[in-house]
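mind looking at a prediction? Sequence and model below.
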Amino acid sequence: CTDKEDPKNGKMVVCGYPLSIFFIVVNEFCERFSYYGMRAVLVLYFKYFLRWDDDLATSIYHTFVALCYLTPILGAIVADSWLGKFKTIIYLSIVYAVGQVAMAVSAIHDITDSDRDGTPDSMTFHIVLSMVGLFLIALGTGGIKPCVAAFGGDQFGEHQDRQRRTFFSVFYLCINGGSLLSTIITPVLRAQECGIYSKQKCYSLAFGVPAALMVVALVVFIIGSGMYYKAEPQGNIMLDVCKCIGFAIKNRYRHRSKQYPKRQHWMDWAEEKYDVRFNLFSFLKCLNILLIMLLQWTLQATTMDGNFGALVIQPDQMQTVNPILILTLVPIMDSLIYPLIKKCGLNFTPLKRMTVGMLLAAIAFVCAALVQIQIDKTLPTFPSTSQSQLKLLNMGSNSVTVKLPGNDALILPAAQVYPFINNCNTKFTNLLPEVILFKSAACTITFVGFTDYFLVYFRFVNGMKTAVNVSTAAADFGLIEPFYYSNYSQIKNGKATFTLRSGSQSCEYSTNFGFGSSYTFFIHSTLVFGSNDSVTAVEDIKPNSVHMALQIPQYFFITAGEVMFSVTGLEFSYSQAPSNMKAVLQAGWLFTVAIGNFIVLIVAELAKIPKQWAEYVLFASLLVAVCVIFSIMAYFYTYIDPTEIEAQFKKKINEDDEDDKSKPGKAEVEMVKRDSIKCHDEYDKATQTKM
Ligand SMILES: CC(C)C[C@H](N)C(=O)N1CCC[C@H]1C(=O)O
């Protein structure tokens, strides 16, 4: 491994790799740290700093994420047609860093906290600044994303195919290394207390560190400036693409009658005007729905037990399994699995890898469905829209017999709660005085359980003749009148100690809360202060009993699928794109993530599948269907070498120029030829392999 200069461009080469890519991968690492770090605390910032409700917080969060996958196309067009990738990355990184700084500033509560009570006085200031910040970040992160990947690919010469493949793998490792570190670090920073006048949760630090990392990303990228190969932008290619597609469609429509012979490819209908053959977009039709499901599985984790002995895992922390597995699987695939497959004499082409990747993702969904079936067995029966849930509580000290309309008589022991699902219109009369009745859901609302998975819900019922106050070290839950009950309150899972106070007397009651559980605590009329027996804990919802470790196989398969599909796709879309469309094709690749996101939402909404496991099976089937379509398309796909074809194409144009210099009007046609996508029929001649 030696350091030398590339004789073709005079750029420094280390161990066969251009030195410039070091700056590009470091830039990507810092940028992804910045993006995922900020994202990790964003919903919490909306909920606890801006005081938005859950719905608004999640809607704005998803809009922001969707925007981040839509803006790449803007950045790519600017880069490929106008500014070039280098300048686009610099300008948009500045926009991005400004956005991150705006977020960090918006999270300083002291700025508007004139009464110094720890809460901002002008929420509008914080909201406006953070929304402007998020918009700039979406523009920046989306805009530079396709450019950085394509710019990295540009640094390699035609003879460096192997190195370029390794670069894309390392690039993906950096993405996931950065995201893993930041999703661990920023929540810790948020949990710190900071402030000038009053100490509050430190969102400004949690956003400030990602902002600093974005500045570092920019500085590192600028330092590498002298070492990059910078391809010149080649005009507004997207306009040509659109014109060309438009002409093909119009021409096809004009010649729709049977007397006109069919053409091999629909883009061939543009050949009268544009000398092109546009076969590049075919592979983009695949759907990248793999990654989006990670979020869905976080919801599944909320119904599971995250107790790993010394380590207690929260549901959203399970998402870190994905980048951890990426960091392990990418090197294993590159240095072991792919070479082994090659040794076995199999030609595992990129499109084959991507097909296998989709199948692995389908297997992951089958695993998720199996886990869900296990979870469903442990879930309580929730009432439907035409039912309500009632709970009967025997407040007396003897058991009572209760007869509910349409049901057999039941014996309700003392201090016991009996859950009962009932039709809406049932009337209850003549209940024994010892029985009180809780309505836990109105008829029109389907009770779907509690959603805030970090917290356990509880309430107290006071069976004493005097009012009782309930509190913990952290919170006071107020006074409960005699024979009355408190609303549900939230508490973190694990051990909790309550203090019960009545008049001058008080006692402590300790209990352990499991993941996802909900409890009603009944304070007996005979409360003996200092005795735990005076309180009966009734489980409204049992703690989760299916262990989160069961999710590991599905994470394994989806991540193996991601490595085969996305890492290969990243390199593939680069290698197959003409030089003036490299960034645009990268953006198209990222756009499939946004499309996947959208499809998941639409399918979930339209299919209205009541069972979660069935939804997973639907996604598995969809993936298999897409996989079949994809493999048919891939079978007919002809691998091209854009550099070679462009060289051939230029040569042909020059030859034609020589021949036809004198012919009037020819120059104009040639201009169109040159500017349009260079996927001429001759591309087919340059075909190397089929799938
Ligand atoms: C969701 C993980 C933290 C990151 C994921 N494995 C990943 O690498 N990506 C998700 C969308 C594309 C890609 C990225 O560039 O962040």
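Now that the structure is in, tell me what you want to look at.

now Val626: which helix or strand?
helix 612-636 (DSSP states H and E).

quick one: the strands in the stretch 351-500 of the chain, in order.
Remark: strands assigned in the stretch 351-500 of the chain by DSSP state E, counting those that start in this stretch are 387-394, 400-402, 410-412, 417-423, 435-439, 455-462, 468-471, 476-480, 484-485, 489-492, 494-502.

mind telling me which of those the model trusts least?
Comparing mean pLDDT over the strands of the stretch 351-500 of the chain, the weakest stretch is strand 435-439, at a mean of 67.

what about the closest residue to the ligand within the chain, neighbour count?
Per C-beta to the nearest ligand atom, Ser179 is where the chain lies closest to the ligand, at 3.9 Å. Yep, even glycine has a C-beta here, placed from its N, CA and C like the rest. Ser179 has 23 neighbours, counted by other C-beta atoms under 10 Å.

what does the residue nearest to Glu193 when sequence neighbours are not counted show for phi and psi?
In space, and not counting its chain neighbours, Glu193 is closest to Lys199: 4.0 Å by C-beta to C-beta, 6 or more residues apart in numbering. Dihedral pair for Lys199: phi -90, psi 130, per degrees, to the nearest 10.

does Lys199 touch Gln192 like I think?
No: using C-beta atoms under 8 Å, Lys199 is not in contact with Gln192; the gap is 9.2 Å.

same list, the strands of the stretch 351-500 of the chain, but as a markdown table with mean neighbour count and distance to Val538 please.
Converted to a markdown table, the strands of the stretch 351-500 of the chain look like this (neighbours: other C-beta atoms under 10 Å; distance: least, C-beta to C-beta, whole Å):
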| stretch | mean neighbour count | distance to Val538 |
| --- | --- | --- |
| strand 387-394 | 20 | 8 |
| strand 400-402 | 16 | 16 |
| strand 410-412 | 15 | 12 |
| strand 417-423 | 17 | 4 |
| strand 435-439 | 15 | 11 |
| strand 455-462 | 22 | 9 |
| strand 468-471 | 20 | 16 |
| strand 476-480 | 16 | 16 |
| strand 484-485 | 17 | 12 |
| strand 489-492 | 15 | 16 |
| strand 494-502 | 16 | 15 |
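
now distance to Phe557 too, for those, in JSON lines please.
Putting the strands of the stretch 351-500 of the chain into JSON lines (distance: least, C-beta to C-beta, whole Å) gives the following:
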{"stretch": "strand 387-394", "distance to Phe557": "37"}
{"stretch": "strand 400-402", "distance to Phe557": "50"}
{"stretch": "strand 410-412", "distance to Phe557": "47"}
{"stretch": "strand 417-423", "distance to Phe557": "37"}
{"stretch": "strand 435-439", "distance to Phe557": "43"}
{"stretch": "strand 455-462", "distance to Phe557": "31"}
{"stretch": "strand 468-471", "distance to Phe557": "46"}
{"stretch": "strand 476-480", "distance to Phe557": "44"}
{"stretch": "strand 484-485", "distance to Phe557": "46"}
{"stretch": "strand 489-492", "distance to Phe557": "32"}
{"stretch": "strand 494-502", "distance to Phe557": "32"}
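
what about the residue of the chain closest to the ligand, helix or strand, and which?
Going by DSSP H and E, Ser179 is in helix 161-191.

mind listing what's buried in that helix?
163-183, 185-187, 189-190 (16 or more other C-beta atoms under 10 Å).

check stretch 4-23 too.
Neighbour-count burial for stretch 4-23 [16+ other C-beta under 10 Å]: Asp6, Lys11, Val13, Tyr17, Pro18, Leu19, Ser20, Ile21, Phe22, Phe23.

end-to-end on that stretch?
18 Å (C-alpha to C-alpha, to the nearest Å).

surely the residue of the chain closest to the ligand touches Ser34?
No: the pair Ser179 and Ser34 fails to qualify as a contact (C-beta under 8 Å) at a distance of 10.1 Å.

what are the ranges of the strands in the stretch 501-650 of the chain?
505-513, 518-523, 535-541.

let me know the pLDDT of Leu622.
82.

number of nearby residues for it?
Here the number of neighbours of Leu622 (other C-beta under 10 Å) works out to 17.

measure it to Ile629 for me?
11 Å (C-beta to C-beta, to the nearest Å).

and for Cys68?
28 Å.

these two: which has the busier surroundings?
When Cys68 and Ile629 are compared on other C-beta under 10 Å, the one with more neighbours turns out to be Cys68, at 23 against 12.

my read: that one touches Gly140, true?
No: the criterion here is C-beta under 8 Å, and Cys68 misses it with Gly140 at 9.4 Å.

care to break this structure down by domain?
Domains of the chain are assigned by automatic domain parsing as 1-235, 283-379+547-631, 387-541, 643-685.

now the ones you listed in TSV, please, with extra columns for distance to Arg252.
Listed next are the domains of the chain as TSV, based on distance: least, C-beta to C-beta, whole Å:
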stretch	distance to Arg252
domain 1-235	25
domain 283-379+547-631	19
domain 387-541	50
domain 643-685	17
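
ranking those by mean pLDDT, which is last?
Comparing mean pLDDT across the domains of the chain, the weakest is domain 643-685, with a mean of 49.

and the stretch 1-150 of the chain, which residues reach the ligand?
Tyr36 (C-beta under 6 Å from any ligand atom).

can I get stretch 242-250 in PDB? Just the C-alpha atoms.
Only the C-alpha atoms of stretch 242-250 are listed here, as PDB (Å, rounded to 0.1, in the frame of the first residue of the first chain):
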ATOM      1  CA  CYS A 242     -39.000  16.300 -19.300                       C
ATOM      2  CA  LYS A 243     -39.200  17.600 -22.900                       C
ATOM      3  CA  CYS A 244     -38.000  14.300 -24.200                       C
ATOM      4  CA  ILE A 245     -40.500  12.200 -22.200                       C
ATOM      5  CA  GLY A 246     -43.300  14.700 -23.100                       C
ATOM      6  CA  PHE A 247     -42.500  14.400 -26.800                       C
ATOM      7  CA  ALA A 248     -42.400  10.500 -26.600                       C
ATOM      8  CA  ILE A 249     -45.900  10.500 -25.000                       C
ATOM      9  CA  LYS A 250     -47.300  13.000 -27.500                       C
END
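
that stretch: which residues count as buried?
Lys243, Cys244, Ile245, Phe247, Ala248.

likewise stretch 130-150?
130-131, 133-150.

give me the subset of these lying in helices.
Using DSSP state H, the subset of those located in helices is 130-131, 133-150.

on that earlier part again, helices or strands up against the helix holding Ser179?
Identification of packing neighbours for helix 161-191 by 3 or more C-beta pairs under 8 Å, 6 or more residues apart in numbering; DSSP states H and E yields strand 17-18, helix 20-44, helix 123-154, helix 203-223, helix 321-332, helix 568-576.

try it again with 10 Å
Applying 3 or more C-beta pairs under 10 Å, 6 or more residues apart in numbering; DSSP states H and E, one finds that helix 161-191 contacts strand 17-18, helix 20-44, helix 123-154, strand 200-201, helix 203-223, helix 321-332, helix 552-562, helix 568-576.

give me the neighbour count for Tyr61.
16.

typo on my end, Ile375
20.

angle of the helix holding Val626 against helix 552-562?
20 degrees (axes from the mean of the first three to the mean of the last three C-alpha atoms, to 10 degrees).

may I see the buried residues of helix 612-636?
For helix 612-636, the buried set under the neighbour-count rule, 16+ other C-beta under 10 Å, comprises 612-613, 615-620, 622-624, 626-627, 630-631, 634.
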